[in-house]
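Undergrad: Can you look at this prediction? I've put the sequence above it.
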Amino acid sequence: MPEKDCLFCKILAGEIPADIIHESATTIAFRDINPQAPTHVLIIPRKHIATINDIVPEDQAVIGSLYLAACDIVTAEGIADDGYRTVMNCNEAAGQTVFHMHMHLLGGRTLAWPPG
Ligand code: 5GP
Ligand code: ZN
């Protein structure tokens with residue numbers, strides 16, 4: 001069920017515009033409004049799941065589909081071979097600000113490790 005005050009549920013509903021670059025039955029992906037790399041895409045489940053902590057066994061296929069979307073997108077963006085990073089922040093210490101879980105897909109430049 002969509003959450004009334006969730007920014008990403010509003011993007012899913014078309015109530016807030018976004019640069020959507022990929023869609024599947026269970027996911028959508030759009031460019032981050034404040035990109036941290038030449039490619040910075042957010043891949044989200046259509047189902048509202050607030051954080052990684054809220055994943056339940058029935059979500060297994062949905063979570064897998066985030067990675068299948070990532071595979072399609074990195075091919076389309078031409079960054080599959082050079083390399084890229086997927087990140088999911090969970091809760092305050094990791095800097096999660098939008099509580100509809102999302103995979104950051106970052107690439108197109110050399111990425112430092114460890115992250116800050
Ligand atoms: P978090 O900090 O929760 O891991 O990531 C949230 C991400 O959502 C941030 O990178 C932020 O730039 C992005 N973001 C926040 N508001 C919007 C928006 O309205 N549209 C888009 N496309 N991205 C957003
Ligand atoms: Zn949501």
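TA: Ah, there it is. Ligands and ions are numbered 1, 2, ... in the order given.
Undergrad: what's the following helix or strand after the biggest strand by length in the chain?
TA: Scanning the chain for the strand with the most residues, using DSSP state E, yields strand 39-45. Downstream of strand 39-45, the next assigned helix or strand under DSSP states H and E is helix 60-77.
Undergrad: Report the contact partners of D54.
TA: D54 makes contacts with M101, as judged by CB atoms under 8 Å, 6 or more residues apart in numbering. Quick note: C-beta positions are derived from backbone N, CA and C, even for glycine.
Undergrad: Could you check the pLDDT of it?
TA: What the model reports as pLDDT for D54 is 98.
Undergrad: cool, G107 as well?
TA: Confidence at G107, expressed as pLDDT, is 98.
Undergrad: next one: E3
TA: pLDDT, E3: 91.
Undergrad: before we move on, what about A76?
TA: For A76, the predicted pLDDT is 98.
Undergrad: what about it, neighbour count?
TA: Using other CB atoms under 10 Å, A76 has 13 other residues around it.
Undergrad: quick one: it and I21 touch, right?
TA: Yes: counting by CB atoms under 8 Å, I21 is a contact partner of A76 at 7.5 Å.
Undergrad: just to revisit the earlier point, got the angle for the longest strand of the chain vs helix 60-77?
TA: 160 degrees (axes from the mean of the first three to the mean of the last three CA atoms, to 10 degrees).
Undergrad: by contact count, what packs against strand 39-45?
TA: Taking 3 or more CB pairs under 8 Å, 6 or more residues apart in numbering; DSSP states H and E as contact, the helices and strands that strand 39-45 lies on are helix 7-12, strand 20-23, strand 27-31, helix 60-77, strand 103-107.
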